[in-house]
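Undergrad: predicted model and sequence below, questions to follow.
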Amino acid sequence: MHRHATFFTYLAIVPLVIGVAFLGEGSPLHEFVALGLTGMLVLAKLMLLRGWHAPAKLLVGLTLLPLALTLASYALPEYWIPLSHWDAMSHGLANGVTLEAWRPALLTTLSLILLATLIATHSRSALGGPLLLLMAALLLGVQGLHVRADSDPQLLRTAAGPWSMLAMTALLAGLGVAALPGWRTHAAALRRALAPSLVLVMAALLLWHHQKTVTERELHATVETQARQLGEHLTREIQDHLAAVERFANVWTLFDTPPNQAEWAGQAALYHRDFRYLLNIAFVDPDSRITQIYPFNDINRRALGVRLFDAQPAGREAVSRALFEQRIGHTDVIMLLQGVPGIIHYLPIPLSERHTLGAVAMVISLPMLAETLFGEVDREHARSWPARSPKSASAPGSTKCSSTWATYRWAWSFSPRTPACCSICLGIRSSASSPA
């Protein structure tokens, strides 16, 4: 049996090497972490087979440290440790690394913890070795089913990559083969103890899967509702904005000369107050030069006097349409002079059919617009979730951006992670305390 256990343990090295070779630089970091932790356990088992017990236990302990931290990140509720704090701790590993980037999948973490426990306890039957091995086998089987049926994107990653799973399966086979001789002497007692324990483990897995499915369905519905509300808010904002811009441009048709800074600031301040996502409101003369701008701060002051035909070629067509054709012009999403993405609306100020006093430039900052829209939706959801604790209610405000990851984090903060993750952890813990 010792020879067969050694064969399966060495066999686990093959998928590890292939996995590292095939993943490449663009692969997810969590796959490398799963392969690395599995490799450490394989090495610890090989040390045990060679009789090096102390180094093997030390290596198992070092492996359990990141696994315990990973399990805590899944199990602890959001209002205990917010995701922003987990990300801040992850930045210590590498600049810009987030928690979701490096932590292994939930079932992978549990499988590795069980494998580490089997190695540390030498799979003794008195310490629940048979039950721990069967639990690890069940978790690997569930991961295989998840990988095979993975058609829809998952909000919470649950399964490891194929190479990590193959390596863990080979290591588990080696552990089982090595422990079989010791289990045979207590076969009858083990069979009586394993039956109720396995029933409890299966119940915990089914309960976890049900809660995970329900939670993800609720999160998908929440995100869809948010997206629909954002679309409605954006439509209303655009309509109100365009109507206000036209009114603002019509004011200057009553004048025969370009406005001075005091006149421009007096009128523009009212519109800027109502539309906080406006980066600035500028007056463009017939030569496309910015002569007046509001607000007159450090960011906008650098744009004063700039000739748009030269400095912003991407918006040249929109400026020409307003200055020369006396029609409303608007750009696509372009990089603004202030260094942020945005959209510019140009409205002509005609003096006659052939002469134009200039144009009004309404500069919309897309980050500021997204923050405004997300802020309104956050406030609506805060009112619709009165039972949330104050600490949990502060989470959405820290994720106001239009990326998919921010939307996932925002939606996840509304649902405590304890039911979805702790049901499996507590169920396994309860079953592990059964006699074995």
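TA: Good, I have the coordinates. Numbering: from 1, shown residues only.
Undergrad: contacts, neighbours, all on C-alpha from now
TA: Will do.
Undergrad: hmm, residue 92 and residue 99 touching each other?
TA: No: between residue 99 and residue 92 there is no contact under CA atoms under 8 Å: 10.8 Å.
Undergrad: who has more neighbours, these two?
TA: Between residue 99 and residue 92, counted using other CA atoms under 10 Å, the more crowded position is residue 99 (19 against 11).
Undergrad: tell me which residues touch that one, please.
TA: 83, 86, 87, 90 (CA atoms under 8 Å, 6 or more residues apart in numbering).
Undergrad: okay, and the beta partners of residue 363?
TA: Per DSSP bridges, the residues bridged to residue 363 are residue 280, residue 344.
Undergrad: the host helix or strand of residue 248 - contacts with which helices or strands?
TA: Using DSSP states H and E, residue 248 sits within helix 187-251. The helices and strands touching helix 187-251, judged by 3 or more CA pairs under 8 Å, 6 or more residues apart in numbering; DSSP states H and E, are helix 129-148, strand 341-350, strand 356-365, helix 366-384, helix 404-412, helix 418-432.
Undergrad: list the buried ones in the helix or strand that it is followed by?
TA: Once helix 187-251 ends, the next helix or strand along the chain (criterion: DSSP H and E) is helix 261-274. Neighbour-count burial for helix 261-274 flags 264, 265, 268, 271, 272 (criterion: 16 or more other CA atoms under 10 Å).
Undergrad: which single one of those residues is nearest to residue 49?
TA: Residue 49 lies nearest to residue 272 out of these, by CA to CA, at 73.4 Å.
Undergrad: residue contacts, the residue nearest to that closest one when sequence neighbours are not counted?
TA: Of all residues not flanking residue 272 in the chain, residue 278 sits nearest, at 6.3 Å (CA to CA, 6 or more residues apart in numbering). By CA under 8 Å, 6+ apart, the contact list for residue 278 reads 272, 362, 363, 364, 365, 368, 369.
Undergrad: buried subset of those, written for PyMOL?
TA: Those of the contacts of residue 278 that count as buried under 16+ other CA under 10 Å are selected in PyMOL with:
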select buried, resi 272+362+363+364+365+368+369
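Undergrad: could you export the contacts of residue 278 as TSV, including distance to residue 103?
TA: Output for the contacts of residue 278, formatted as TSV (distance: CA to CA, whole Å):
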residue	distance to residue 103
272	44
362	45
363	41
364	38
365	35
368	32
369	33
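Undergrad: before we move on, back to that, can you state the direction angle for the helix holding residue 248 and strand 356-365?
TA: With axes from the mean of the first three to the mean of the last three CA atoms, to 10 degrees applied, the angle from helix 187-251 to strand 356-365 works out at 160 degrees.
Undergrad: I'd assumed residue 133 was in contact with residue 114.
TA: Yes: under the criterion of CA under 8 Å, residue 114 makes contact with residue 133 at 7.5 Å.
Undergrad: picking that back up, just the ones of the contacts of residue 99 in strands?
TA: In this view, those have no member that belongs to strands under DSSP state E.
Undergrad: give me the distance from the helix holding residue 248 to the chain's centre.
TA: 13 Å (CA atoms, centre = their mean, to the nearest Å).
Undergrad: what of stretch 266-282?
TA: That offset, for stretch 266-282, works out to 34 Å (CA atoms, centre = their mean).
Undergrad: what's the end-to-end length of that stretch?
TA: Criterion CA to CA, to the nearest Å; first-to-last residue distance in stretch 266-282 is 13 Å.
Undergrad: give the ranges of residues in the protein that sit below the confidence cut-off.
TA: Scanning the chain with the threshold set as pLDDT under 70 gives 1, 24-26, 146-156, 185-190, 193, 376-436.
Undergrad: domains of it?
TA: 2-190, 255-368 (automatic domain parsing).
Undergrad: dump these to TSV, plus distance to residue 226.
TA: Shown next, in TSV, are the domains of the chain (distance: least, CA to CA, whole Å):
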stretch	distance to residue 226
domain 2-190	16
domain 255-368	17
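Undergrad: so which of those domains gets nearest residue 224?
TA: domain 2-190 (13.6 Å).
Undergrad: residue 6 contacts residue 48, doesn't it?
TA: No: using CA under 8 Å, residue 6 and residue 48 do not qualify as a contacting pair, with a distance of 10.2 Å.
Undergrad: for whatever helix or strand residue 69 lives in, name the packing helices and strands.
TA: Using DSSP H and E, residue 69 falls within helix 53-75. Secondary-structure packing of helix 53-75 (3+ CA pairs under 8 Å, 6+ apart): helix 29-49, helix 106-121, helix 418-432.
Undergrad: any idea how far it is from the middle of the chain?
TA: With CA atoms, centre = their mean, you get 25 Å for helix 53-75.
Undergrad: and for stretch 95-105?
TA: Taking CA atoms, centre = their mean, one finds stretch 95-105 lying 9 Å from the centre of the chain it belongs to.
Undergrad: now that stretch: buried residues?
TA: Of the residues in stretch 95-105, 97, 98, 99, 100, 102, 103, 104, 105 count as buried by neighbour count, 16+ other CA under 10 Å.
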